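Q: The following block contains a protein sequence and its predicted model.
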Amino acid sequence: MRVSKAGWVAIGLSLGMARAGGEAQLVIVSPHWEGIRREYTAAFSAWHEQQYGEPVTVEWLDLGGTSAIQRYILSEFSKADSIGIDIFWGGGIDPYLDLAERGVLQPYRLPNDLLASIPSDYFGLPMYDPQYRWYGTALSGFGISYNKGVLARLGLSPPQTWTDLTRPGFYTWVGSGDPRQSGSTHMIYEIILQAYGWEEGLALLTRLGANIRTFPRSSSQPIKDVARGEIACALAIDIYGLAEIAHAGREVVGFVFPEGQTVINPDAIAILKGAPHQETAERFLCFALSPAGQRLWMLSPGDPEGPRSYLLNRMSVLPALYPELGERVTVPQNPFTVARALPYDPEKGSTRWGLVNDLLGALIIDTHADLQRAWKQIIAAGMPAEALARLVEPPLSEEEALRLARKVWQDQTRRQATISRWVAFAKEKYRDAYRLAGGNYGLAYWWSRTARWAVPLVVLILLLHLGVQAGRSGMRLVKRRFRRQILT
């Protein structure tokens, strides 16, 4: 079995720790936040010591968001059969469908009693892989976090739908993570595409993107900005939206699931092929999906069966836990008693995951300044239909997108060439939309395009000029003093 360089480093580090501490080891890569990591490390180690007579040292690798982790896993497995990581945990199910298809996940069938306690699907969405290559460990919902005070000052009503976030009054007051880095943010964009259809969904995302202030790498940052009052709204996974309500108070922050326009989605876990600590990894899956592991999601810190310090506030995948725990449950709803109106196609979402990320980057994020300039002009002009139609024009159909995702996107040369064409297309259509809305490409436009680099360049030239002049003056002074010394 071939092992990558990164894998040997991780294995060597783990073996070294094992020899030093005499404990079982486990290496997990995950986008999960610190609270989940700390609570599951402590609870699993205690459970493992009780069950098997020794604690476990868990090493968590921080490689960024879900998309970055997925890219890393595929890159490392292209070079070796083992990458020194036992478990990939978190990020929905779409990445796991792709990784399973590529053959980098290790099948493991849970014991019969555990498997029987988990539904095979949730309103059509698989809760675990039929070949046992991955399992859903929690259920996540996606919605909108908003600051009540900021909305009141802006004279805006709380958003109830994704479309509400495209209103002109929300210009620069919406927050979103970068879907290319964050799996939960990507999931929201994919949900919108499936809820509205490809063309209408892309049009909505374009207008939404024009209202977004920035795209930080972390999906939790915009929700924190909402709580601080720096922005009015943010796209949010429920775990972060509900956490900020608990932290800032319901009088400050609200959270809404757009009715009929969102899904509740399993958040998966899988053992990677060539896992250096296979047996311990299997035990971690058993613990995470057992009632003991699932209670950590839904109980308050301090509850004898709950987490120690952090409120995790996630929905369990075990239906029997909700009536069993009763009023001790912290999550706002039992997902197994709620109807879900939006059908979601996980296979489609998984197939076009990378392509959609690149498309959003080209149309919205990497051309954001051009998009916002055109959108601001359209708002000022009273939303002329022709300019708006040009602004949201898509570069390709859904059928073409799926064809590219299946047949072209693994060819990096063709992928990069396509992305470049999309960027050029976006810049051109935003220039056209700006002009159709009455924008003038005169001195003001030239200045807006060049000020970022022209001003620093002018300042640098002036400083260099002053430096040269000062140098000349200094040389003349030195020469005069030299002459006086000679004369004396």
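A: Structure received.

Q: Let me see the mean pLDDT of stretch 82-89.
A: When the per-residue pLDDT values of stretch 82-89 are averaged, the result is 97.

Q: cool, and stretch 166-179?
A: For stretch 166-179, mean pLDDT is 97.

Q: Next: stretch 428-438.
A: Stretch 428-438 shows an average pLDDT of 97 in the prediction.

Q: before we move on, what about stretch 316-324?
A: Confidence over stretch 316-324, taken as the mean pLDDT, stands at 97.

Q: Show me the contact partners of that stretch.
A: 117-119, 127, 136-139, 266, 289, 291, 294-295, 297-298, 329, 334, 336-337 (C-beta atoms under 8 Å, 6 or more residues apart in numbering). Glycine gets a C-beta too; all of them are placed from N, C-alpha and C.

Q: Of those, select the buried ones using a PyMOL command.
A: Taking 16 or more other C-beta atoms under 10 Å as the burial criterion, the selection of buried members of those in PyMOL is written as:
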select buried, resi 117+118+119+127+136+137+138+139+266+289+294+295+297+298+329+336
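
Q: which residues does residue 433 contact?
A: Residues in contact with residue 433, defined by C-beta under 8 Å, 6+ apart, are 374, 377-378, 387-388, 390-391.

Q: Now stretch 90-97 - C-alpha only, PDB.
A: Listed in PDB are the C-alpha atoms of stretch 90-97, where the atom choice follows Å, rounded to 0.1, in the frame of the first residue of the first chain:
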ATOM      1  CA  GLY A  90     -19.000  17.200   8.500                       C
ATOM      2  CA  GLY A  91     -20.100  19.200   5.400                       C
ATOM      3  CA  GLY A  92     -23.500  17.700   4.500                       C
ATOM      4  CA  ILE A  93     -23.800  14.700   2.200                       C
ATOM      5  CA  ASP A  94     -22.900  16.000  -1.300                       C
ATOM      6  CA  PRO A  95     -19.100  15.700  -0.800                       C
ATOM      7  CA  TYR A  96     -19.500  12.200   0.600                       C
ATOM      8  CA  LEU A  97     -21.500  11.100  -2.500                       C
END
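
Q: Now do the contacts for residue 271.
A: Contacts of residue 271 were listed using C-beta under 8 Å, 6+ apart, and they are 86-87, 105-106, 108, 278, 281-282, 285.

Q: In CSV: those residues, plus secondary structure and distance to residue 62.
A: As requested, the contacts of residue 271 are exported to CSV (DSSP: H, G, I helix; E, B strand; the rest coil; distance: C-beta to C-beta, whole Å):
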residue, secondary structure, distance to residue 62
86, coil, 15
87, strand, 14
105, strand, 21
106, strand, 22
108, coil, 25
278, helix, 23
281, helix, 19
282, helix, 24
285, helix, 21
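
Q: which among the residues you listed gets closest to residue 424?
A: Using C-beta to C-beta, the shortest approach to residue 424 within the contacts of residue 271 belongs to residue 105, at 37.9 Å.
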